[in-house]
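Enquirer: Sequence first, predicted model second:
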Amino acid sequence: MRAIRVASAALLGVTALAFTAPAAQANGDNNITPFGFSVLPSTIAAGGQVTLRLDRSDGGCKGSATVTSAVFDMVTIPAGRTQATAVVDWDAKPAAVYRVTFACDGVSGSTELTISAGRPTHRPVPQPYPPGGVHAGGGGSFAGFDLKEIGLGAALIAGSLGAAYHLSRRRTGEDGG
């Protein structure tokens, strides 16, 4: 029974290793660099934001890294940091593949960024915040009412309560009669 457990664990370990090897090889588009890098997501619409990741765990990139592409402005990942973001240009061609190059300590490697075929219909326009807060109305307060209206409403409510009390008292007196 123990041999089956050991064999199963070994087979599971070899399978996991076999599946992670192609992913590790694909990281960096088959470029051999002393550091790992990636662009997430690897497919994005024009105007979208991508995360540029740099793997410094192997010690291959000690200084600041620069990331360049024809589809966004140059981005610098400072020493000690592992990621930065970039906004894809609005005029990026749909279904085009752009090269993204990571350079650090005199070594560079590149990967690809694909622009999705769907194109946004318009650019988002930043909306300014209203000055002094949102004009949402008075809610449950007395917004817009003056003293006469409040008094008239209170008198109507008091009168209807008084009439209901009076009618309920008369009926009980008539029934007991």
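Expert: Structure received. Numbering: from 1, shown residues only.
Enquirer: helix or strand for Ile150, which one?
Expert: Ile150 is part of helix 147-176, with elements assigned from DSSP states H and E.
Enquirer: and that helix, which residues are buried?
Expert: Of all the residues in helix 147-176, not one is buried under the rule 16 or more other Cβ atoms under 10 Å. From N, CA and C alone the C-beta is placed, and that goes for glycine too.
Enquirer: pLDDT averaged over it - what is it?
Expert: Taken as a whole, helix 147-176 has an average pLDDT of 81.
Enquirer: State the mean pLDDT of stretch 112-122.
Expert: Within the predicted structure, the mean pLDDT of stretch 112-122 is 75.
Enquirer: what do you get for stretch 45-60?
Expert: Along stretch 45-60, the predicted local confidence has a mean pLDDT of 86.
Enquirer: what's the span of that stretch, first residue to last?
Expert: Distance between the boundary residues of stretch 45-60 (Cα to Cα, to the nearest Å) amounts to 32 Å.
Enquirer: residues of that stretch that come out buried?
Expert: The neighbour-count check on stretch 45-60 (16+ other Cβ under 10 Å) flags Ala45, Ala46, Gly47, Gly48, Val50, Leu52, Arg53, Leu54, Asp55, Arg56 as buried.
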